[in-house]
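Colleague: Let's see this in three dimensions:
(one chain, ligands or ions: 1)
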Amino acid sequence: MQEDFQKLKQTAERDFRKVQTLEELEALKVKFLGRNSFLAQFSKKIPLLEPSLRPQAGRLLNEAKSFITALWQERKKELNLQQDKIDLSFPSYSLRRAKLHPLTLVIREICSIFERIGFEIQEGREIEDEWHNFTALNIPLEHPSRDAFDTFYLNIPSKRYKYLLRSHTSPSQIRLMRKRKPPLAFVVPGRVYRPDNMDASHSFMFHQIEGFAVDKDINFSHLKGVLAYFVQNLFSSEVKLRFRPHFFPFTEPSAEVDISCFICKGKGCSVCKKSGWLEILGCGMIHPEVLSSCGISPKKYQGFAFGMGVERITMLKYRINDIRLFFENDLRFLEQFYEV
Ligand code: PHE
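Modeller: Purely as a prediction, here's the structure:
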C-alpha cells in the first residue's frame with residue numbers, strides 16, 4: 001500500500017511539472033484528485049479494510065491528497081506568473097529620459113548655424129593671463145575692465161604673467177590668430193567669469209560665444225551678412241538687424257547689434273521694454289593693433305569679430321526671466337527643454 005502511494009506521488013510530481021497551460025493543469029487536477037481518481041476510489045475502499053489497517057490507510061490518503069494539492073497550487077502560481085510576463089495590456093511605467101541643459105542646446109544650435117557657413121568650432125582656455133585677456137586685445141593698462149572689481153585674478157605665482165579667469169572669450173581670438181595662418185573663421189563657445197553679484201540678470205559665471213574671420217578684403221558688409229544669416233536662422237527669417245555705433249578697444253569701427261523684437265514683431269512689449277528692439281551682441285572690424293600683436297599684417301589682412309552672451313540669448317529664446325534658474329539645477333526647470 002505504501003509503495004502504491006509512493007509511486008502515485010512520483011507520477012503526480014512528474015506530470016504536474018510537465019504541464020504548460022492552465023487548461024492542462026485543471027485536467028491533471030481532475031485526474032489526480034477528481035471523483036474518478038485513484039485517491040477517490042481508495043477513500044471509498046477504506047471502510048472495507050481490516051480495522052487495524054484503516055488508520056494507516058487514512059493517513060497515507062490524506063498525506064497524498066495534500067501533497068498533490070500542493071503540487072497543483074505551486075504549478076498554478078508559476079503558470080499565472082508566466083502569463084503575466086506577456087500581458088501586453090498591463091499598464092507600463094514611463095521612463096525618464098535624460099535631457100540636455102538649455103544652455104547646451106542653444107550653444108550647439110548656434111555653433112551648428114555657423115558651421116554651415118564654414119566656421120570652425122574651437123574651445124579656448126578658462127584660465128588666461130593678462131596679456132591674452134587684455135594687452136593683446138588693445139585694452140589699455142588703465143582700462144576699468146582690468147580692475148579687480150571686474151576680473152577674478154588668480155593667486156598663481158609667476159614672474160611673467162598675472163593669471164586670471166577670462167572675463168570674455170575674446171582672448172581665444174588672440175590664441176587662434178597666433179597659431180593659425182589666415183584665412184581664418186572660428187567660433188569659440190565657453191564660460192567666462194566676472195565678479196558680479198548674482199541677481200535676475202547677473203551671474204559671476206556665464207557663457208559667451210566668440211566669432212571671428214580674417215582674410216584679404218574682408219569688410220563690414222561681410223560681418224553684416226554673417227550676422228543676418230545667424231539671427232534669421234536662430235530666431236526667425238523675419239527678424240531685422242540694427243547696428244548701433246559702439247566702442248570696444250579691440251575692434252574699429254565697433255557696433256552693438258539689436259534685433260527686431262520677435263515676440264511683439266517690433267510693436268513694443270514688456271520683453272523689449274516697449275522699444276521694439278533687443279540687444280544681442282557686440283561686434284566690429286578687428287583693430288589693426290590686434291592683428292599686429294598676433295603677427296598678422298593689417299596692411300594685407302582684415303577681419304571682423306563678434307561676441308554674444310549665451311544666457312541672454314537663451315532667456316530671450318525661451319522667455320526665461322531669471323538667469324539664476326540656469327544654475328540651480330531644479331529638475332522642474334531643466335525638464336522643460338528638448339531638441340526639436
Ligand atoms: N568681448 C566683448 C564683450 O565681452 C564682446 C565682443 C567680442 C565685442 C568681439 C566685439 C568683438 O563684451
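
Colleague: What's the separation between Glu142 and Cys283?
Modeller: Distance of Glu142 to Cys283, given as Cβ to Cβ, to the nearest Å: 25 Å. Any C-beta I mention is one placed from the backbone N, CA and C, and that applies to glycine too.

Colleague: before we move on, what about Gly266?
Modeller: 21 Å.

Colleague: cool, Leu22 as well?
Modeller: On the measure of Cβ to Cβ, Leu22 and Cys283 end up 76 Å apart.

Colleague: Compare these two (neighbour count), which wins?
Modeller: Cys283 (25 against 14; other Cβ atoms under 10 Å).

Colleague: Spatially nearest residue to Tyr153, not counting backbone neighbours?
Modeller: Leaving aside its chain neighbours, Tyr153 sits nearest to Leu164 (5.0 Å; criterion: Cβ to Cβ, 6 or more residues apart in numbering).

Colleague: how many neighbours does Gln82 have?
Modeller: 12.

Colleague: can I assume it sits in a helix?
Modeller: Yes - counting by DSSP: H, G, I helix; E, B strand; the rest coil, Gln82 falls inside a helix.

Colleague: so what's Leu184 bridging to?
Modeller: Val214 (DSSP bridges).

Colleague: hey, where'd the helices end up in the stretch 101-250 of the chain?
Modeller: All helices of the stretch 101-250 of the chain, identified by DSSP state H, counting those that start in this stretch, fall at 102-116, 130-133, 171-179, 220-234.

Colleague: count of residues packed around Glu339?
Modeller: 8.

Colleague: Using PDB, list the CA coordinates for stretch 257-268.
Modeller: Output of stretch 257-268 as PDB, limited to C-alpha atoms (Å, rounded to 0.1, in the frame of the first residue of the first chain):
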ATOM      1  CA  VAL A 257      23.600  94.700 -32.700                       C
ATOM      2  CA  ASP A 258      19.900  94.800 -31.900                       C
ATOM      3  CA  ILE A 259      17.300  92.500 -33.500                       C
ATOM      4  CA  SER A 260      13.700  93.500 -34.000                       C
ATOM      5  CA  CYS A 261      11.700  92.000 -31.100                       C
ATOM      6  CA  PHE A 262      10.400  88.600 -32.400                       C
ATOM      7  CA  ILE A 263       7.800  88.500 -29.600                       C
ATOM      8  CA  CYS A 264       5.800  91.600 -30.500                       C
ATOM      9  CA  LYS A 265       7.200  91.900 -34.000                       C
ATOM     10  CA  GLY A 266       8.600  95.400 -33.200                       C
ATOM     11  CA  LYS A 267       5.300  96.800 -31.800                       C
ATOM     12  CA  GLY A 268       6.700  97.100 -28.300                       C
END
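
Colleague: Before I go, just wanted to say thanks for your time.
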